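Participant: model this:
(2 chains)
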There are 2 protein chains.
Amino acid sequence: MAELFKVLTLAEARAAIMSHLPAEKTGIKVPILESLGCRLTADVRAVDNVPAFNRSTVDGYAVKAKDTYGASEGIPSYLDVSGEALIGQVPAGRVDTGQTWYIATGAMIPAGADAVVMVEYTEELDSRTIGINRPVAPGENVIRRGEDITAGDIALPASHRIRPQDLGLLSSIGVTEVEVTRITRVGIISTGDELINPLEKPSPGEIRDINSYILYGAVLAAGGRPRLYGIVPDDYDKLRKTLARALDENDMVLISGGSSVGARDVTFKVIDTAGKPGVVFHGISVKPGKPTAGAVIGGKPLFGLPGHPASALVIFDVLVAPLLRDGAYPATEEESALEFPVKAIITRNLHSAAGRKDYFRVKVSSKGGQLFAEPVLGKSGLINTMIKANGLAHIPAGKEGVEAGEIVDVKLF
Amino acid sequence: MAELFKVLTLAEARAAIMSHLPAEKTGIKVPILESLGCRLTADVRAVDNVPAFNRSTVDGYAVKAKDTYGASEGIPSYLDVSGEALIGQVPAGRVDTGQTWYIATGAMIPAGADAVVMVEYTEELDSRTIGINRPVAPGENVIRRGEDITAGDIALPASHRIRPQDLGLLSSIGVTEVEVTRITRVGIISTGDELINPLEKPSPGEIRDINSYILYGAVLAAGGRPRLYGIVPDDYDKLRKTLARALDENDMVLISGGSSVGARDVTFKVIDTAGKPGVVFHGISVKPGKPTAGAVIGGKPLFGLPGHPASALVIFDVLVAPLLRDGAYPATEEESALEFPVKAIITRNLHSAAGRKDYFRVKVSSKGGQLFAEPVLGKSGLINTMIKANGLAHIPAGKEGVEAGEIVDVKLF
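Facilitator: Now for the predicted structure:
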């Protein structure tokens, strides 16, 4: 089975997953507080204007701007204080020529006024009179009704991913529920006959399960909600049963495969027979992580990750995290450039096979305003390389390596 | 009261908070799955070796390395296949001179063998004999007992912040519970007489609460657990009561202050009388966000954030998020450099007052392998500027601005 699949590039593997995910048309309604990281299924339009009234952006005095023309410290404009515009209230009255109202930041501009003078540029002569030292233009220190968001406008477009500031925008227009597609609940399965629960003491030949815990943390850090399904032996029926349950209860499933060829074959067979459309790639031209498999089952992405913890985490970073964080992969080369946005000077030569994309962990540090990336090397099965690193760098598929002193693209973590 | 405080720089404000937080000596015990983002109170030492036995890193044949010396495709070394080392099991037997065992990735190296030949460099002659095409050195394709982590070593040092990969390290050494200090539960209070719940329709002069929702999302995105305490009017007693409850139930509290001077005074008075040591700074030389207040009450940080949503989010990013994500602020200038690690070309001139640190939102995009940062400008009360931006840039306190074409430091979000 596995042999039918051609090794794909990372971009091809991503495209294969995306092409089988359901088009973002149907979704679920969630309260906005549960929508972070989800994607809107439709445009959200503003019903109301934001702000709903002309507001002051400063503490000061609401005026007719023309009453301030020519005002200076030497020759202030004197105005009668005829009212006070309080926060949360409708001013009961209007500002006529020669008059002014005290106004608080955020309060409604009284009728008749068209600008606000900051309190810093006024002086109180008596309780009824102020002098203004500086002219204002009409609209100055005022946010006009609908200036921020105009009723009827698209506040957020379909397929927009919800960020913290978007929750503010939605609440400002009274939207407390949104329809979204979500990939947030993630089931995690570890397979391997040699694995035991970390609580237990390993007998010779056994090792403690590491991947469940790394992936649990990585899912959390990427904004998802992880759920562990424990360690399943390299047994077709047992793994199949656990996978069916995990697919049912989550939006995405990760299986970190057994590390040997035989164990990987069992994992692959279970993924391949789990449902439609099934496996969309098996093998990617990436190091580490070549034996990664990707599938879509009933509209849900499923990844078979490498057994080596460090490899599993690299593949998580480049193949799983974008789906969790953004619900999609970058669509253009320009967007992709932001995945590894940090430029650092590599401190030693690294070799890479042409046609393969190599990722390597680095320790990024700053010296004299310049960032340096020191490769953290070691055998691929070691955990310690992950612990010492604070970033991931890559050598593009077209290059056969990098030389010390060259600039590499890095993602910090 | 407020006037007694000198305006601090951002670095001074951070130092003031840190100096009043309890030294990281006592903590709470949590299961490792709940420890992400928390800091260890003490060194964690490895009791066991990782791995606990010599392991193969490949699928292949376990050999005595000297039996492969001189092997080539033309003149292979022929060895008797005398056993199979299976995953999770102790090999029942040993490899003698002239012999080899098949071995799976991750399996225990049989006694007598000191290296593994990858299956790719072997050929099967019959079920009992293989030819080896390439020599291996002792230790090749083997991770030695304790090579990853040696029993007795410090696996993670005190005050280390737990990342996903650290969960893997801890599980590998059988540590399923750790003692940590944590700042993860965050209470959020909005104040302002003009604010209403987003579900309601605002009367003239009222606006919907935005900051609760932005901060909820921002806390989640920074790895914290937010809890909303709703909108409290600008009333000393009511705010005091809500704050006491929020402090009791969380590790940190955020109050986003009323936007007017009067409302801010109430908020400040409540913060100032909430407990010891109390307010540690009031006013920072940062734009936007000057009226920010910081306090420590009973060992818990408390921030009075600006009322303007865009300002509140900037201050969250630079003053709150590091505490949530790391439990501390960067300790050195080198560490600080990693806070704004992305370099981009600014596309227009921006002015700044000397001695003040200016933050501005930017839209970062990539063109021809180069990153550009387009400032997203607008009145400080607008929400829309936050929606259009994908990064935060800053002008250092020493500079009076930047010119188009200069490189600026950016943090992407």
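
Participant: how about the residue of the stretch 51-200 of chain A found nearest chain B, what does it touch?
Facilitator: Going by CB to the nearest CB, chain B is nearest to residue A:164 of the stretch 51-200 of chain A, at 3.0 Å. Glycine gets a C-beta too; all of them are placed from N, C-alpha and C. Neighbouring residues of residue A:164 by CB atoms under 8 Å, 6 or more residues apart in numbering or on different chains: A:36, B:214, B:215, B:216, B:217, B:218, B:220, B:221, B:313.

Participant: Leaving out the residues flanking it, which one is nearest to it?
Facilitator: residue B:217 (3.0 Å; CB to CB, 6 or more residues apart in numbering or on different chains).

Participant: which helices and strands does the strand or helix carrying the one you found pack with?
Facilitator: Element membership of residue B:217, judged by DSSP states H and E, is helix B:211-221. Helix B:211-221 is packed against helix A:164-172, strand B:185-191, strand B:225-232, strand B:252-256, helix B:309-315, with contacts defined by 3 or more CB pairs under 8 Å, 6 or more residues apart in numbering or on different chains; DSSP states H and E.

Participant: Okay, and residue A:244 sits in which element?
Facilitator: According to DSSP H and E, residue A:244 maps onto helix A:236-249.

Participant: May I see the buried residues of that helix?
Facilitator: By neighbour count on 16 or more other CB atoms under 10 Å in any protein chain shown, the buried set for helix A:236-249 is A:239, A:240, A:242, A:243, A:246, A:247.

Participant: Which of the contacts of residue A:164 are buried, as a PyMOL select command?
Facilitator: Typed into PyMOL, the line below selects the buried ones among the contacts of residue A:164, using 16+ other CB under 10 Å:
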select buried, (chain A and resi 36) or (chain B and resi 214+215+216+217+218+220+221+313)
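
Participant: Show me which positions of stretch A:301-315 end up buried.
Facilitator: A:301-315.

Participant: same for chain B: which of those residues are within range?
Facilitator: Among the buried residues of stretch A:301-315, the ones lying close to chain B by the criterion of CB under 8 Å from any CB of the partner chain are A:307, A:309, A:313.

Participant: And those residues, which is closest to chain B?
Facilitator: residue A:309 (5.1 Å).

Participant: In contact with that closest one, which residues?
Facilitator: Residue A:309 neighbours (CB under 8 Å, 6+ apart): A:210, A:211, A:214, A:383, A:386, B:165, B:168.

Participant: isn't the third one right up against residue A:312?
Facilitator: It refers to residue A:214. Yes - using CB atoms under 8 Å, residue A:214 is in contact with residue A:312, at 6.7 Å.

Participant: Can you pull the phi and psi angles for the residue nearest in space to the middle of chain A?
Facilitator: Nearest to the geometric centre of chain A sits residue A:325, at 4.5 Å (CA atoms, centre = their mean). Backbone torsions of residue A:325, given as degrees, to the nearest 10, read phi -80, psi -40.

Participant: what about it, distance to residue A:303?
Facilitator: Distance of residue A:325 to residue A:303, given as CB to CB, to the nearest Å: 15 Å.

Participant: Pop the domain breakdown of chain A in here.
Facilitator: A:2-24+A:182-334, A:28-50+A:155-181, A:55-143, A:340-412 (automatic domain parsing).

Participant: In CSV: those domains, plus mean pLDDT and distance to residue B:335.
Facilitator: Below are the domains of chain A laid out as CSV (pLDDT from 0 to 100; distance: least, CB to CB, whole Å):
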stretch, mean pLDDT, distance to residue B:335
domain A:2-24+A:182-334, 90, 19
domain A:28-50+A:155-181, 93, 24
domain A:55-143, 95, 36
domain A:340-412, 90, 8
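
Participant: closest one to residue B:78 among those domains?
Facilitator: domain A:2-24+A:182-334 (23.4 Å; CB to CB).

Participant: quick one: that closest one to chain centroid distance?
Facilitator: 21 Å (CA atoms, centre = their mean, to the nearest Å).

Participant: Which strand in chain A has the most residues?
Facilitator: strand A:357-367 (DSSP state E).

Participant: Show me what that strand is packed against.
Facilitator: Where contact means 3+ CB pairs under 8 Å, 6+ apart, strand A:357-367 is packed against strand A:286-287, strand A:342-346, strand A:370-375, helix A:384-388, strand A:391-395, strand A:407-412, helix B:333-337.

Participant: My guess is residue A:212 contacts residue A:232. True?
Facilitator: No - in this structure, residue A:212 is not within contact of residue A:232 by CB under 8 Å, at 10.7 Å.

Participant: more crowded one of these two?
Facilitator: For residue A:212 versus residue A:232, neighbours defined as other CB atoms under 10 Å in any protein chain shown are more numerous around residue A:212 (26 against 23).

Participant: Just give the nearest non-adjacent residue to that one, would you?
Facilitator: Per CB to CB, 6+ apart, closest to residue A:212 is residue A:190, 4.6 Å.

Participant: so the one you found touches residue A:232, yeah?
Facilitator: Yes - under the criterion of CB under 8 Å, residue A:190 makes contact with residue A:232 at 7.2 Å.

Participant: buried sites along stretch A:327-339?
Facilitator: Applying 16+ other CB under 10 Å to stretch A:327-339 flags A:327, A:328, A:329, A:336, A:337, A:338, A:339 as buried.

Participant: quick one: contacts for the fifth one?
Facilitator: What that stands for is residue A:337. Taking CB under 8 Å, 6+ apart as the test, what residue A:337 contacts is B:366, B:369, B:371.
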